[in-house]
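> Below are the sequence and a predicted model for it; my questions follow.
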Amino acid sequence: MCKLRLYIILFTFTNLVLSGIPNNFEKYKIKQSLLNSSYQNDRKNTYPGKAMLYSAVIPGLGQLYNGNIKKALFFSAVEITAISIYFNFNGKSSSQEKKYKQFADREWDFFRWMRHYYDWKDHEVFGAYFSNNQNPENPVYYDIWDGSHHLEFQMTDNDGNIISLSTTDSQNETVFRDTFFSYNGFLGVPDTARISELENDQNFTLLRDSHYYENIFKYNHFFAGWEDYQSIEEESNEGYLIAKSPKKWEYRSMRDQVAKFERIASYATSVILFNHIFSMIDAAWTKTDKNKRYIIQARPFFNKNNKLGIGGLTVNLKW
């Protein structure tokens, strides 16, 4: 019992020192203890939202604001590396795209395609590449104006007016066929004179958009336009027959390289995005965790009418 009383007295005395000491029956506050002062210093200018905002702008800046140099260096290094990779491979992609377009403009020809599209119509093997090979017993050789994939171009009519045309004639299904091919109801025969006339038309413009650069390598329909079309080879992709030549495959490889560069650049973009997010979360979490240090304080109420000067006890929980 004596020990219990002693503990109570010591506890009360300690809290009097930490809270306040009565003087002439007035409450007098002294400076807080080192522990309490340390807590206030930690609380000074510590805002989780501010740290998060800093990291949203520049990853690592919120960690620097929190005083964590190592984390600040880490997030900054990730950001700089990802940005460098993005610009590097994005530049490579643009450069390679320019190269494959120049290659296509040099090695694939629109008029060659028109003249030689029907070269394999009677071939035992390669004829199937340009036909409905889903029904080998009765294959249908597609005409050059058939299909949903097409090329677009402009030419002049007899009155000198420039008109826009599509090889599938989506607006007028007979213009391309009747102008440049002799059609007997089954297969067309290239009208070499009219094709040469179009080729020498100074106002002829072939629309070389993204669809054009994709179509000429992706579909057998446009194979005859390649400079080495006579070097046709057999290629099978899961049952689908592909007309292959060295020039076409070189072009395909160049496009695949562009896709690879773009994929790496997109990965770098994702890293940049997630680096911002993780840096923001870490900065806010670290600062919040720091601020949420739980401190329990017990302070006695001063009561001048009490023999011991204590009228009660308050307990404060700070975080």
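That came through fine.

> need the helix or strand of this protein with the lowest average pLDDT.
In the chain, the helix or strand scored least confidently by mean pLDDT, DSSP states H and E is strand 26-28, which has a mean of 40.

> how about the strands of the stretch 201-319 of the chain, start to end?
Taking DSSP state E, counting those that start in this stretch as the criterion, the stretch 201-319 of the chain carries its strands at 205-206, 233-237, 240-244, 295-302, 310-318.

> Restricting to C-alpha, output the third one in PDB.
As requested, C-alpha coordinates have been extracted for strand 240-244 and formatted as PDB (Å, rounded to 0.1, in the frame of the first residue of the first chain):
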ATOM      1  CA  TYR A 240      -3.400 -18.700 -93.800                       C
ATOM      2  CA  LEU A 241      -1.400 -18.500 -97.000                       C
ATOM      3  CA  ILE A 242       0.900 -15.500 -97.300                       C
ATOM      4  CA  ALA A 243       2.500 -14.200-100.500                       C
ATOM      5  CA  LYS A 244       6.100 -13.600 -99.500                       C
END
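
> Can you list the strands that that strand pairs with?
Strand 240-244 pairs in its sheet with strand 233-237 (antiparallel), by DSSP bridges.

> Could you pull out the helices in the stretch 201-319 of the chain for me?
According to DSSP state H, counting those that start in this stretch, the stretch 201-319 of the chain carries its helices in the segments 210-218, 246-291.

> can you redo those helices as CSV with mean pLDDT and distance to Asp119?
For glycine as for every other residue, the C-beta is placed from the backbone atoms N, C-alpha and C. Compiled in CSV, the helices of the stretch 201-319 of the chain are given as follows (pLDDT from 0 to 100; distance: least, CB to CB, whole Å):
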stretch, mean pLDDT, distance to Asp119
helix 210-218, 95, 17
helix 246-291, 88, 15
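
> right, so of those, which gets closest to Asp122?
Set against Asp122 and scored by CB to CB, the helices of the stretch 201-319 of the chain come closest in helix 246-291, at 22.3 Å.

> Report all helices and strands that that closest one contacts.
The helices and strands touching helix 246-291, judged by 3 or more CB pairs under 8 Å, 6 or more residues apart in numbering; DSSP states H and E, are helix 34-43, helix 48-57, helix 61-66, helix 69-107, helix 210-218.

> hey, which of these is tucked in deepest?
Comparing the helices and strands packed on helix 246-291 by mean neighbour count (mean count of other CB atoms under 10 Å), helix 61-66 comes out on top with a mean of 23.

> List the contacts of that helix.
50-56, 69, 71-72, 75, 279-280, 282-284, 286-287, 290 (CB atoms under 8 Å, 6 or more residues apart in numbering).

> Can you give me the distance of the residue nearest to the spatial centre of the chain to Ala259?
By CA atoms, centre = their mean, the chain has its centre lying nearest to Ser266, at 4.0 Å. Distance from Ser266 to Ala259, counting by CB to CB, to the nearest Å: 10 Å.

> Same question for His276.
26 Å.

> These two - which one has more neighbours?
Per other CB atoms under 10 Å, whichever of His276 and Ala259 has more neighbours is His276, with 17 against 11.

> so what's the more buried one up against?
Applying CB under 8 Å, 6+ apart, we find His276 in contact with Ser55, Ala56, Pro59, Glu79.

> Could I get the residues you listed in a markdown table, plus columns for distance to Tyr219 and pLDDT?
Shown next, in a markdown table, are these (distance: CB to CB, whole Å; pLDDT from 0 to 100):
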| residue | distance to Tyr219 | pLDDT |
| --- | --- | --- |
| Ser55 | 49 | 88 |
| Ala56 | 46 | 87 |
| Pro59 | 45 | 92 |
| Glu79 | 42 | 94 |
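
> Among the residues you listed, which pair sits farthest apart?
Ala56 and Glu79, at 12.1 Å, using CB to CB across the contacts of His276.

> host element of Gln154?
strand 152-156 (DSSP states H and E).

> give me every residue that touches the nearest residue to His116 once chain neighbours are set aside.
Distances taken as CB to CB, 6 or more residues apart in numbering place Ala224 nearest to His116, at 4.1 Å, with adjacent residues excluded. With contacts defined as CB under 8 Å, 6+ apart, the neighbours of Ala224 are Arg112, Trp113, Arg115, His116, Tyr117, Asp119.

> do that again at 10 Å, thanks
Residues near Ala224 by CB atoms under 10 Å, 6 or more residues apart in numbering: 108-109, 112-120, 130, 144, 230, 232, 243.

> if we take the residues you listed, which one ends up nearest to Ile216?
Set against Ile216, the nearest of these by CB to CB is Trp108 (5.0 Å).

> okay, the nearest residue to that closest one once chain neighbours are set aside: pLDDT?
Leaving aside its sequence neighbours, Trp108 sits nearest to Gly225 (CB to CB, 6+ apart; 4.6 Å). Gly225 carries a pLDDT value of 97.

> Verify the contact between Gly225 and Trp113 for me.
Yes. Using CB atoms under 10 Å, Gly225 makes contact with Trp113 at a distance of 3.3 Å.
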